[in-house]
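>>> build me a model:
(chains A, B and C)
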Amino acid sequence: MPELPEVETVVRGLSRHIVGQKIKTIHVLTKTSFSGLPVHKSIGLLVKSVSRRGKGIIIELAKPGVARKGEDGSNSLSLLIHLKMTGQLIWVPPIRRRSKSYGGHQRLNFGHPTDDFTNSMPSRHTRVWFELTPKGAPSGQRHTNYLYFNDMRRFGWVKLTPTAEISKDKFFSKLGLEPFDKNFTPAFLYTAIQHRPKSNIKAIILDQTLVTGIGNIYSDEALFYAGIKPTRLGRSITKANTTKLVSAIKKVLTKGIKYSGTSINTHRTPEGSMGQMQNYLAVYDRKGQPCRKCKTPIIKIRVASRGTHYCPSCQL
DNA sequence: TGCCCCCTGCAG
DNA sequence: CTGCAGGGGGCA
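Take a look at the predicted model:
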């Protein structure tokens, strides 16, 4: 499901809702979805921040009372979360009796079968869920709000780890540059491409150790705007190609964030709403439909063992 | 540096 | 029924 824009959407939404909240309980319904330190280590900690690195989510926790800057860095814990293909993080405000919108956690149906995720929770796809209370508030039901980690295919994970050890984490330690980092320049990408002359350009930009956050949708989109056919080999990519590609990557990711991500399938905002980027895609999921630039039907092939969409006329 | 695999559910 | 799905780890 999630690439950088979808994860960014989730992170921004969660920041608004859970920063400053205290962890009251964590329920692990699927053992294999949770790893690292035992759950009880996090009970009573406050959510200090919610951030993103590539497609990974970091919820930093702090002990109440030692939240001053830099004071608890050595022993703070973080919840690391990866949504992989079908993960969701859905936040539900305190249940108010008589509330029709949230009573019994009943929510709107958004018209997709996988929305059993958001209709009633915990759902059959909920793997881990959290009960939170506002800092300083009584821990009664009246103030308790909920965060649900749903994951149909169970590829995703939640991991409780010391903040200081994130840099050693199997996933986080391998990530390359953020696409919006000032060091992600045409020169940087061109050099990297020179090291992989025999790889498809698509495979290169999907490599998270190089630049992180681009997945199957946004790689197809970026290559379209850069006018580059996804099967082109590294050795054939010019400096001019690279310059266009770097701006195209930033452009499509920015657009994806603007529209709260692509909800072709299971992506939802923490409030349970769909993203809208699926309505603005140039090539992804548009097999047989006319190119938005030249009307030529979009082609779907397989590149780097991923479904790959491109315009045979605009992309050379 | 490519493939198979993890898993569930949907479209064709 | 088969193949495919927005990710990435482990293995030649």
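
>>> now check the helix or strand hosting residue A:299, is it near DNA strand B?
Secondary structure from DSSP states H and E places residue A:299 in strand A:299-303. No: judged by C-beta under 7 Å from any atom of the strand, strand A:299-303 makes no contact with DNA strand B; its nearest approach is 8.7 Å. C-beta: built from backbone N, CA, C; applies to glycine.

>>> which residues does that strand contact?
Outside of strand A:299-303, the residues within contact range by C-beta atoms under 8 Å, 6 or more residues apart in numbering are A:200, A:202, A:203, A:230, A:231, A:287, A:307, A:308, A:309, A:310, A:311, A:312.

>>> that strand pairs with which strands?
strand A:306-310 (antiparallel) (DSSP bridges).

>>> same question for the partner strand: list its buried residues.
A:308, A:309, A:310 (16 or more other C-beta atoms under 10 Å).

>>> quick check: mean pLDDT across that strand?
Average pLDDT, strand A:306-310: 97.

>>> next one: stretch A:91-110
Stretch A:91-110 comes out at a mean pLDDT of 53.

>>> so which residues on chain A come close to DNA strand C?
Residues of chain A lying near DNA strand C by C-beta under 7 Å from any atom of the strand: A:1-3, A:6, A:54-56, A:82, A:84-85, A:153, A:155, A:170-171, A:174, A:208, A:215-217, A:261-267, A:275, A:306-307.

>>> show me which of those are buried.
Listed as buried from these are A:1-3, A:6, A:54-56, A:82, A:171, A:208, A:215-217, A:261-264, A:266-267, A:275; burial here means 16+ other C-beta under 10 Å.

>>> strands paired with the helix or strand harbouring residue A:150, and their directions?
Per DSSP H and E: residue A:150 is located in strand A:145-151. Counting by DSSP bridges, the strands paired with strand A:145-151 are strand A:87-92 (antiparallel), strand A:126-134 (antiparallel).

>>> quick check, distance from the first one to the centre of its chain.
Its chain's C-alpha centre lies 12 Å from the corresponding centre of strand A:87-92 when counted by C-alpha atoms, centre = their mean, to the nearest Å.

>>> what about the closest residue to residue A:14 other than its chain neighbours, which SS state?
Ranked by C-beta to C-beta, 6 or more residues apart in numbering and with sequence neighbours excluded, the top spatial neighbour of residue A:14 is residue A:50, at 4.6 Å. Of the three states, residue A:50 takes strand under DSSP: H, G, I helix; E, B strand; the rest coil.

>>> can you give me the neighbour number for residue A:181?
12 (other C-beta atoms under 10 Å).

>>> who's in contact with it?
Going by C-beta under 8 Å, 6+ apart, the list of residues near residue A:181 is empty.

>>> just to be sure, it is in a helix?
No: counting by three-state DSSP, residue A:181 is not part of a helix but coil.

>>> rewinding a little: near DNA strand B, from the residues of chain A next to DNA strand C?
A:153, A:155.

>>> filter the residues of chain A next to DNA strand C down to just the ones in strands.
Of the residues of chain A next to DNA strand C, the ones assigned to strands by DSSP state E are A:56, A:82, A:306, A:307.

>>> ok, the closest residue to the third one other than its chain neighbours - contacts?
Read that as residue A:306. When the adjacent residues along the chain are set aside, residue A:306 lies closest to residue A:216, with 5.1 Å between them (C-beta to C-beta, 6+ apart). Residue A:216 is in contact with A:3, A:206, A:284, A:306, A:307, A:308, counting by C-beta under 8 Å, 6+ apart.
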